[in-house]
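1. take a look and give me a structure for this.
(one chain, ligands or ions: 1)
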Amino acid sequence: MNFHTRKWVKPEDLNPNGTLFGGSLLRWIDEEAAIYAIVQLGNQRVVTKYISEINFVSASRQGDIIELGITATDFGRTSITLTCEVRNKITRKSILTVEKMVFVNLGEDGLPAPHGRTEIKYVKDQFKEDSPPA
Ligand SMILES: CC(C)(COP(=O)(O)OP(=O)(O)OC[C@H]1O[C@@H](n2cnc3c(N)ncnc32)[C@H](O)[C@@H]1OP(=O)(O)O)[C@@H](O)C(=O)NCCC(=O)NCCS
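-> Next comes the predicted model:
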């Protein structure tokens, strides 16, 4: 699993208990997963369809640096299934796990459309770097 995105837990992210608010974390995760799905499927029209059980494993506090990890576990016809973990960047302690997040690839008509992908693609293989000057 690649942990691409890091977040710094700030006062506005806290709940009344003084720990990281679950809603903030879910927003970050949904966005991170959507970006992952968009990059993997090569289509910006991707929507969240299903999120499985969410396990808030341990609390995070103000000032913590956390990192969000996502990886694809299955490619369907129109869907992609991801798994997710959030952990403390420094201690590596797990903060949250989501076993399954399903995103659906949509066509211009807003209906599910086949994406034709079957395996994880890495950005360097998907987008060619700028050609060297002639
Ligand atoms: C996404 C949406 C267009 C899918 O419509 P639908 O009628 O369920 O479409 P389908 O039945 O053809 O299913 C599409 C894919 O989702 C999968 N899927 C549907 N329901 C699922 C569920 N409960 N759990 C997991 N996967 C599911 C199907 O297996 C299918 O995948 P596949 O083609 O890879 O086999 C529709 O449900 C929708 O618009 N939902 C709202 C999305 C949204 O607003 N999300 C929040 C904001 S991003």
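2. name the nearest residue to Tyr50, sequence neighbours excluded.
-> Among residues not flanking Tyr50 along the chain, Val102 sits closest, at 4.1 Å (C-beta to C-beta, 6 or more residues apart in numbering). The way it works is simple: take the backbone N, C-alpha and C, and place the C-beta from them, glycine included.
3. just to be sure, that neighbour is in a strand?
-> Yes: under DSSP: H, G, I helix; E, B strand; the rest coil, Val102 sits within a strand.
4. how many other residues sit next to it?
-> As a burial measure, Val102 scores 18 neighbours (other C-beta atoms under 10 Å).
5. could you check how far the helix of greatest length in the chain is from the centre of its chain?
-> Scanning the chain for the longest helix, with DSSP state H as the assignment, gives helix 22-41. The chain centre lies 4 Å from the centre of helix 22-41; the measure is C-alpha atoms, centre = their mean, to the nearest Å.
6. stretch 83-100 too?
-> With C-alpha atoms, centre = their mean, you get 11 Å for stretch 83-100.
7. now the end-to-end length of that stretch.
-> End-to-end distance for stretch 83-100, by C-alpha to C-alpha, to the nearest Å: 5 Å.
8. could I get the buried residue list for it?
-> 83-88, 95-98 (16 or more other C-beta atoms under 10 Å).
9. excluding sequence neighbours, find me the nearest residue to Ile90.
-> Of all residues not flanking Ile90 in the chain, Ile65 sits nearest, at 6.3 Å (C-beta to C-beta, 6+ apart).
10. many thanks, I have nothing further to ask.
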